[in-house]
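would you be able to build a 3D model of this:
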Amino acid sequence: MMAEIYRRADSVIAWLGNSDAYTEPAFEHIAKVADRNNLQSLGIPTGQAGSENSEGDKAGWEAIGKIFDRTYWNRSWIIQELVLPEHVTLRCGVYSTDWDVFVKASHNISTSHLKQFYDNRSIDGTPSAATSMKASRNYGVPAILEATKSSMATEYWTNVLLYTLIRSRHCEATDLGDKAYALLGLIQGPLGIKKLPTLLCPPTEGSDCSPGKTYLDVATQLLEDCEDLLVLSCVEGFRNEKLNGADLPSWVPDWSVKYPLGLRVTGYKRYQADSLFFPPGTNLSREEKLALWPAIFDKNELTITIRGFQVDKISFIAESKHDILNCKHFPRILDMLLRLPEKYELTGEGRMEVFWRTVTKNTYGEARLPPPKGSSMGPSFTKWIKERMQSVVLSSQDQEYWADLKLAFDKFWPHDAEWLSAIKGRESISSMEFGSQFAYGEYLRPFVTEKGYIGVGSQNLQEGDTVWVVPRSRVPLIFRHLAYSGPPAAQHCQLIGGSYLHGFMDGSWRSKQATKDDTQAIIIH
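Down below sits the predicted model:
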């Protein structure tokens, strides 16, 4: 009902709450930030060069932070309120502005170096490294909701629903099932479907209305109708909700988990790890892909069966990015970097370049594409890692081990040709360039496989987990083997999540097309 009201309204006023001392300067400064041409004069470095120390209008930046600290931005039900109407006015006390101003400002903050300022801003407005003291990151919400609105005009309804579930993980709902139900208005109407599938209909009186059952139904419907298996890369091993007293099946994303999980590239459309399963040059329809490589749901066992090709087994894992961003020491990261071969066999790149490309998912800039050869990301990485090594917080028992690795690193870099070439003549490049990309997707853990492949995946992955390429999954998936007395031809597994595996993301690592005979059945519990 509310979705239809919003859709038909000529204009909607969204109420942020009563004004306070920060509201007027926030609205004034947001209007300036909405024009990207103003960014450099306001003290935000927008390019590779520029003064990262320019503070600009501190009061204005903090006021913007305060307006986004409001709990309004955390509610699941605001999504349809801001996405469906033709025109929205934001009002806070006596102050108001067009929603479009917030959208443009949000985009500019999210794609400039000011992002790192807000990512590290603490509750009291001062910089903070500790996650527990950090304020909200709601500055990105308007830009995210605008992307949702755009996808409604171009994407199939399953993609609209799944992309919005991914983008709204941070949102809260009194009834956790509403994290899904609050979005159903987006997929109905002129641009969506006329009638909801049965599994997506809100529960009737007397039926199981638990969040766990809701999330199971949503995942089942998406696997039945989605062109790809993107929903399987959304689990990441984090589960809070129960289903009949037991954990959710590992293939069901728990949308009550509010962490920004995954590779943080919504839709993963720039990756094509599964291209080896489809004839070159073909453009199969959604229905043809579903028929060729189905995902089979067993309603009694609550399992999903798919097929895939095992690439390798994980043999070494490093500290999670989340720990590193919280100033914990990272001896295994250093160990990984020092152990990598001088040249990575699959791509021919040097160890340093392979490392920084992997931990940033080979993603850079506003376009979210791979950095070009000779990118400033290389020298920025060298500066970043040396600064991080100086800022780690050590316990007494870790000091000796860390000191030994640090000594080995200090002996390595002054004599490494790749390192020296990267920094030559580029001393002015800031560590923030790499740092802002590294921070995007913080719940990831770097790993190396037995054959020496390097990647990042869920921070819940373990040594011994296996990496697979799977038809209809744009990214490799990580599985954990389960001891199970089932058909010998099938692998019984727990799904850990999606991954970035360097050199594998376009499918070109294998010279010939894979057939069904090259794959194994994977039964996901």
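
now do the contacts for the residue lying closest to residue 6 once chain neighbours are set aside.
Once flanking residues are discounted, residue 6 sits nearest to residue 84: 3.9 Å by C-beta to C-beta, 6 or more residues apart in numbering. Every C-beta, even on glycine, is put in place using the N, C-alpha and C of the backbone. Contact analysis of residue 84 by C-beta atoms under 8 Å, 6 or more residues apart in numbering lists 3, 6-7, 185-186.

as CSV, the residues you listed with neighbour count would be great.
Conversion of those to CSV gives the following (neighbours: other C-beta atoms under 10 Å):
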residue, neighbour count
3, 20
6, 18
7, 18
185, 22
186, 24
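
quick one: which of those has the lowest pLDDT value?
Lowest pLDDT within these is found at residue 3 (86).

element containing the residue nearest to residue 230 when sequence neighbours are not counted?
With C-beta to C-beta, 6+ apart as the criterion, residue 230 has its nearest non-adjacent residue at 6.0 Å, and that residue is residue 162. For residue 162, the host element (DSSP states H and E) is helix 157-167.

I'd like the next helix or strand past that helix.
Moving toward the C-terminus from helix 157-167, the next element (DSSP H and E) is helix 178-181.

following that next one, which helix or strand comes up?
Downstream of helix 178-181, the first helix or strand assigned by DSSP H and E is helix 211-225.

which elements pack onto the helix or strand that that next one is followed by?
Sequence order places strand 242-243 as the next helix or strand after helix 211-225, per DSSP H and E. In terms of contacts (3 or more C-beta pairs under 8 Å, 6 or more residues apart in numbering; DSSP states H and E), strand 242-243 is packed against helix 211-225.

output the helix it packs on as PDB, nothing but the C-alphas.
Output of helix 211-225 as PDB, limited to C-alpha atoms (Å, rounded to 0.1, in the frame of the first residue of the first chain):
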ATOM      1  CA  PRO A 211      13.400 -14.000  10.000                       C
ATOM      2  CA  GLY A 212      15.300 -17.300   9.300                       C
ATOM      3  CA  LYS A 213      12.300 -18.700   7.300                       C
ATOM      4  CA  THR A 214      12.000 -15.400   5.500                       C
ATOM      5  CA  TYR A 215      15.700 -15.400   4.500                       C
ATOM      6  CA  LEU A 216      15.400 -19.000   3.400                       C
ATOM      7  CA  ASP A 217      12.400 -18.300   1.200                       C
ATOM      8  CA  VAL A 218      14.100 -15.200  -0.300                       C
ATOM      9  CA  ALA A 219      17.300 -17.100  -1.100                       C
ATOM     10  CA  THR A 220      15.300 -20.000  -2.600                       C
ATOM     11  CA  GLN A 221      13.300 -17.700  -4.900                       C
ATOM     12  CA  LEU A 222      16.400 -15.800  -6.000                       C
ATOM     13  CA  LEU A 223      18.200 -19.100  -6.900                       C
ATOM     14  CA  GLU A 224      15.100 -20.200  -8.900                       C
ATOM     15  CA  ASP A 225      14.800 -17.000 -10.900                       C
END
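
what does it contact?
Identification of contacts with helix 211-225 by C-beta under 8 Å, 6+ apart yields 158, 161-162, 165, 175-177, 179-181, 197, 199-200, 203, 229, 231-232, 241-244, 248-249, 251-256, 295, 297, 302, 304.

now, of the residues you listed, which are buried?
By neighbour count, with 16 or more other C-beta atoms under 10 Å, those hold 158, 161-162, 165, 176-177, 179-181, 200, 229, 231-232, 241, 243, 248-249, 251-256, 295, 302, 304 as buried.

phi, psi for residue 24 please.
Phi and psi for residue 24, reported as degrees, to the nearest 10, are phi -60, psi -50.

name the residues linked to the residue lying closest to it once chain neighbours are set aside by a beta bridge.
Nearest non-adjacent residue to residue 24, counting by C-beta to C-beta, 6+ apart: residue 95, 6.0 Å away. On the basis of DSSP bridges, residue 95 is bridged to residue 92.

equivalent analysis for residue 316, please.
For residue 316, the beta-bridge partners are residue 448 (DSSP bridges).

show me what contacts it?
Contacts for residue 316 (C-beta under 8 Å, 6+ apart) come out as 332, 336, 339, 447-448, 463.

could you dump those residues into JSON lines and include pLDDT and neighbour count?
Below are the contacts of residue 316 laid out as JSON lines (pLDDT from 0 to 100; neighbours: other C-beta atoms under 10 Å):
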{"residue": "332", "pLDDT": "92", "neighbour count": "16"}
{"residue": "336", "pLDDT": "93", "neighbour count": "22"}
{"residue": "339", "pLDDT": "89", "neighbour count": "12"}
{"residue": "447", "pLDDT": "98", "neighbour count": "25"}
{"residue": "448", "pLDDT": "98", "neighbour count": "20"}
{"residue": "463", "pLDDT": "98", "neighbour count": "11"}
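
measure the spatially most central residue of the chain to residue 167 for me?
Residue closest to the average C-alpha location in the chain (C-alpha atoms, centre = their mean): residue 264, at 1.8 Å. Note on residue 264: its distance to residue 167, by C-beta to C-beta, to the nearest Å, is 10 Å.

so where is this structure shaky, pLDDT-wise?
Counting by pLDDT under 70, the chain contains low-confidence residues at 44-56, 123-136, 206, 366-367, 485-488.

all strands for it, in order.
12-17, 88-92, 95-98, 242-243, 246-247, 296-298, 303-317, 444-449, 454-458, 466-469, 477-481, 490-501, 520-524 (DSSP state E).

out of those strands, deepest packed?
Among those, judged by mean count of other C-beta atoms under 10 Å, the one packed with the most neighbours on average is strand 454-458 (a mean of 26).

what's the span of stretch 335-345, first residue to last?
Start and end residues of stretch 335-345 are separated by 19 Å (C-alpha to C-alpha, to the nearest Å).

just give me the neighbour total for the residue nearest to residue 110 when sequence neighbours are not counted.
In this structure, residue 110 finds its nearest non-sequential neighbour in residue 140, 4.8 Å apart by C-beta to C-beta, 6+ apart. Around residue 140 there are 23 other residues, counting by other C-beta atoms under 10 Å.

break this protein into its domains for me.
Per automatic domain parsing, the domain ranges recorded for the chain read 2-145, 336-440.

of the ones you listed, which approaches residue 507 most closely?
The closest of the domains of the chain to residue 507 is domain 336-440. By C-beta to C-beta, the value is 12.2 Å.

residue 365 versus residue 112, what's the distance?
For residue 112, the distance to residue 365 equals 11 Å [C-beta to C-beta].

who has more neighbours out of the two?
Between residue 112 and residue 365, counted using other C-beta under 10 Å, the more crowded position is residue 112 (21 against 15).

so how far is residue 62 from that one?
17 Å.

just to revisit the earlier point, you'd agree the residue nearest to residue 230 is up against residue 226?
Yes - applying C-beta atoms under 8 Å, one finds residue 162 in contact with residue 226, separated by 6.7 Å.

shared neighbours of those two, anything?
Both residue 162 and residue 226 lack any common contact, where contact means C-beta under 8 Å, 6+ apart.

quick one, what contacts the residue nearest to the centre of the chain?
Shown in contact with residue 264 (C-beta under 8 Å, 6+ apart): 361, 440-441.

then residue 148?
So residue 148 contacts 79, 83, 160, 163-164, 167, 186 (C-beta under 8 Å, 6+ apart).

now, which of the residues you listed sits nearest residue 280?
Distances from residue 280 to the contacts of residue 148, taken by C-beta to C-beta, are shortest for residue 163, at 27.6 Å.

ok, the closest one touching residue 149?
No - the criterion here is C-beta under 8 Å, and residue 163 misses it with residue 149 at 11.3 Å.

which one of those two is surrounded by more residues?
residue 163 (21 against 16).

and the more buried one, how far from residue 406?
Distance from residue 163 to residue 406, by C-beta to C-beta: 43 Å.

with that, I have no additional questions.
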